[in-house]
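Trainee: take a look and give me a structure for this.
(one chain, ligands or ions: 2)
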Amino acid sequence: TQSTRPQRILDAVQKNATRGDPRSVVKAIDHFCRNKEWAMNVGDEKGCILDSVVSEVNPATVLELGTYCGYSTVRIASLLPPHAKLITLEFNPDFAAIARQVIAWAGLEDKVQLVEGASGDWIPKMKEQFGVKTFDLVFLDHWKNSYLPDTKLMEECSLLRKGSVLLADNVICPGAPDYLEFVRSSPRYKSQYFKSHLEYTKVEDGLEKSVFLG
Ligand SMILES: Cc1ccc(Cc2cc(O)c(O)c(C(=O)NC/C=C/[C@H]3O[C@@H](n4cnc5c(N)ncnc54)[C@H](O)[C@@H]3O)c2)cc1
Ligand SMILES: [Mg+2]
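Mentor: Ligands and ions are numbered 1, 2, ... in the order given. Down below sits the predicted model:
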């Protein structure tokens, strides 16, 4: 049967990365997507910015919206302190199945909870289901028109505290104009743009880092 792109990404990981070595998993995916087939991972250039924000925040609790194949999940989880937890939401069961195997290959199952389902359904259940009080860091990389409604939902569910950091991918390409306008104009956020490029291309894109002020 014809394989899917996520399946081919998993094959590249299992062929070229070392089990239990997250950096080799990241390298294998970047090599495949730069040389064989483009895919919508945050990628190596924006990934370095992601790494620096994760290291700076040093989060105990992380929420990722949109797992896809688990590339950014692995990047983030590989930088977390010992008892930190990353919850990642993915509503496509095929992508979730691939991501679980990528995360397992990296040896990061103990730090990652992949939840199969829609952010809109699961954000309101974070406290009761996972005992999460608030998130120190949220990485938004799912459908771009869901960034704003999901951010408002996280506020309503008191999942953000003074100092919580939102990091959003693709604020230029594909773009999330309503989200960008909101976090840059709201008095409750301190926002900063990190200029970069769309993964594996020369097209401009960037990450927006927004600190919730409470
Ligand atoms: C015009 C144009 C097109 C594409 C690009 C290139 C480009 C570059 C990028 O870095 C991109 O992130 C994207 C992009 O579209 N990302 C969408 C990513 C979705 C993933 O998240 C999943 N998901 C989507 N909504 C939800 C939800 N509520 N709850 C749970 N999971 C969700 C999906 O199941 C996917 O696993 C595109 C650039 C320009
Ligand atoms: Mg993206």
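
Trainee: by mean pLDDT, flag the weakest helix or strand of the chain.
Mentor: helix 126-130 (a mean of 96; mean pLDDT, DSSP states H and E).

Trainee: run through this structure and note the low-pLDDT ranges.
Mentor: For the chain, the stretches flagged by pLDDT under 70 are 1.

Trainee: phi first, then psi, for the residue in the chain positioned nearest to ligand 2.
Mentor: Per Cβ to the ion, D169 is where the chain lies closest to ligand 2, at 3.7 Å. For every residue, glycine as well, the C-beta is placed using N, CA and C. Backbone geometry at D169, expressed as degrees, to the nearest 10, gives phi -80, psi 160.

Trainee: excluding chain neighbours, what is closest to it?
Mentor: Leaving aside its sequence neighbours, D169 sits nearest to D141 (Cβ to Cβ, 6 or more residues apart in numbering; 4.2 Å).

Trainee: try G20
Mentor: Per Cβ to Cβ, 6+ apart, closest to G20 is G107, 3.7 Å.

Trainee: now do P124
Mentor: P124 sits nearest to C157 (Cβ to Cβ, 6+ apart), 5.4 Å away.

Trainee: was I right about the one you found contacting I123?
Mentor: Yes. Using Cβ atoms under 8 Å, C157 is in contact with I123, at 5.8 Å.

Trainee: of these two, who's got more company?
Mentor: More crowded of C157 and I123, by other Cβ atoms under 10 Å: I123, with 22 against 15.

Trainee: and the more buried one, that one's in a helix?
Mentor: Yes. Assignment of I123 by DSSP: H, G, I helix; E, B strand; the rest coil places it within a helix.

Trainee: from now on call the first residue 562
Mentor: That works, and once the first residue is 562, the last one we named lands at I684.

Trainee: how many residues are close by the closest residue to it other than its chain neighbours?
Mentor: Leaving aside its chain neighbours, I684 sits nearest to L714 (5.0 Å; criterion: Cβ to Cβ, 6+ apart). Number of residues near L714 (other Cβ under 10 Å) recorded here: 15.

Trainee: quick one: the helices in the protein, in order.
Mentor: 566-577, 583-596, 604-618, 632-638, 654-666, 680-683, 687-691, 708-717, 738-746 (DSSP state H).
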